[in-house]
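Colleague: Need a 3D model of the following:
(one chain, ligands or ions: 1)
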Amino acid sequence: MRLALLFCLLLPTSLMAQPNPPDTLPASVEPRAVLVIHGGAGTIRRDLLDEASEASIRAALTTALEAGYAEIQGGASAMDAVTAAITVLEDSPRFNAGRGAVFTADGYAELDASIMDGATGEAGAISGVRHVKNPILLAREVMTSSPHVLLSGDGAEEFALLRGLDLVPNRHFHTDARREALRRVLDQQRAQQQSESGAADHEAIPERAVPEWQLEHPAPWRMTGTVGAVALDNDGHLAAGTSTGGMTAKRYGRIGDSPIIGAGTFANEAVGVSSTGHGEYFIRNVTAYDIAARMRYLGESLAQAAEAVIHETLTESGGTGGVIALGADGTVTMPFNTPGMYRGYIDEDGTVTVLLYRDE
Ligand code: ASP
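Modeller: Numbering: from 1, shown residues only. The predicted model follows:
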């Protein structure tokens with residue numbers, strides 16, 4: 001009797017403790033958007049970013065989102081929205097793309113960019129240009145006005161001239177912050193060489209103005225600031241684009257993943273992706289395409305595919321970085337394995353979300 005009473009008392013509680021049956025769960029917890037952008041992944045932490053820098057990065061990301069959104073609202077294509085958003089970020093000195101690009105070891109800005117139209121499967125890309133004000137515009141010209149996909153160096157610049165794009169002296173891209181970053185990387189490389197060759201004893205290595213965390217994580221801090229965008233237009237078409245100065249102190253015409261279709265940028269009818277991080281790993285893992293392939297061949301959701309590609313494939317291969325991805329249903333996902341990633345999205349109603357750190 002006592003037991004039966006106890007059972008009756010416990011029954012409602014135990015029923016309440018049952019998990020909701022699957023059909024009462026919300027359809028999706030992923031945010032939805034018409035445009036998603038990034039401004040690079042890396043060692044982005046609150047203690048390393050002063051208030052003014054943080055505010056101006058958030059403002060530039062917001063302006064880029066609004067510029068792309070205005071295109072979509074006006075009935076323009078996803079390609080137009082991607083181009084508009086990336087142009088804003090290339091013109092801001094806060095990002096490693098266009099103005100504000102990192103320096104090569106020789107002291108130049110050398111820019112890479114790509115764009116892909118998910119509706120048609122067409123793509124355009126450029127690498128190693130030194131005088132094209134907005135590399136994303138040239139990548140788009142390659143797609144629309146040439147029979148090619150990827151043009152590089154002098155040839156790409158000749159094509160830019162022919163197409164009437166704005167050309168600028170290399171110093172247009174230079175900033176003091178990037179010059180200082182180059183100095184630190186070259187110092188660090190010199191010190192590393194000395195200690196590896198064993199030619200100098202420890203005392204002989206010059207004191208370097210490089211904070212401890214930078215020495216511990218040499219790769220990520222050399223590449224923060226690449227920009228990318230993925231848009232979904234009113235016709236349900238997706239497009240993706242990426243633009244970068246690459247990695248500080250790059251040499252020998254090094255080209256990263258950003259202008260490589262399938263690695264740095266990919267779009268089809270189901271998903272658009274833009275990558276940022278240590279490019280060599282993204283090229284080897286064909287990161288952007290791998291997300292689309294997992295969705296198509298494994299039937300994974302956008303979030304599952306992007307998570308696996310960043311937190312399994314990229315991480316297990318030793319790479320650092322992240323992606324932004326947008327599905328044809330407006331689902332957004334933005335996984336990364338670095339301390340932070342500048343990122344944001346704007347939804348159908350024009351509501352802007354901008355995030356910088358991991359815990360946001
Ligand atoms: N992925 C770019 C590159 O390797 C750099 C970056 O995204 O920060 O050139």
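
Colleague: Please make it C-alpha for all contacts and neighbour counts, starting now.
Modeller: Fine.

Colleague: which residues does the residue most central in space within the chain contact?
Modeller: Among the residues of the chain, the one closest to the centroid is Thr276, at 3.6 Å (CA atoms, centre = their mean). Going by CA atoms under 8 Å, 6 or more residues apart in numbering, Thr276 touches 40-41, 226-228, 258, 264, 321-323.

Colleague: Secondary structure element for it, which one?
Modeller: Thr276 is part of strand 271-277 when elements are defined by DSSP states H and E.

Colleague: C-terminal to that strand, what's the next element?
Modeller: If you walk from strand 271-277 toward the C-terminus, the next helix or strand you reach (DSSP H and E) is helix 279-285.

Colleague: roughly how far out does that following helix sit from the chain middle?
Modeller: Taking CA atoms, centre = their mean, to the nearest Å, the mean C-alpha location of helix 279-285 is offset from the chain mean by 13 Å.

Colleague: So which residues on this protein come close to the ligand?
Modeller: Proximity of the chain to the ligand (CA under 6 Å from any ligand atom) is limited to residues 40, 223-226, 246-247, 256-258, 276-279.

Colleague: Show me the helices in the stretch 1-150 of the chain, by range?
Modeller: Listed in chain order, the helices of the stretch 1-150 of the chain (DSSP state H, counting those that start in this stretch) span 2-16, 51-73, 78-91, 135-145.

Colleague: tell me the most buried of these?
Modeller: Stretch with highest mean neighbour count among the helices of the stretch 1-150 of the chain: helix 78-91 (a mean of 27; mean count of other CA atoms under 10 Å).

Colleague: Could you list the alpha-carbon positions for it in PDB?
Modeller: Provided in PDB are the C-alpha atoms of helix 78-91 (Å, rounded to 0.1, in the frame of the first residue of the first chain):
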ATOM      1  CA  ALA A  78      23.500  36.400 -54.600                       C
ATOM      2  CA  MET A  79      26.700  37.100 -56.700                       C
ATOM      3  CA  ASP A  80      26.000  40.900 -56.400                       C
ATOM      4  CA  ALA A  81      25.500  40.600 -52.600                       C
ATOM      5  CA  VAL A  82      28.700  38.700 -52.200                       C
ATOM      6  CA  THR A  83      30.600  41.200 -54.300                       C
ATOM      7  CA  ALA A  84      29.200  44.200 -52.400                       C
ATOM      8  CA  ALA A  85      29.900  42.700 -49.000                       C
ATOM      9  CA  ILE A  86      33.500  41.700 -49.900                       C
ATOM     10  CA  THR A  87      34.300  45.100 -51.500                       C
ATOM     11  CA  VAL A  88      33.400  46.800 -48.200                       C
ATOM     12  CA  LEU A  89      35.800  44.500 -46.300                       C
ATOM     13  CA  GLU A  90      38.600  44.900 -48.900                       C
ATOM     14  CA  ASP A  91      38.300  48.700 -48.600                       C
END
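
Colleague: Show me what it is packed up against.
Modeller: strand 35-42, helix 51-73, strand 111-117, helix 135-145, strand 227-232, strand 238-244 (3 or more CA pairs under 8 Å, 6 or more residues apart in numbering; DSSP states H and E).
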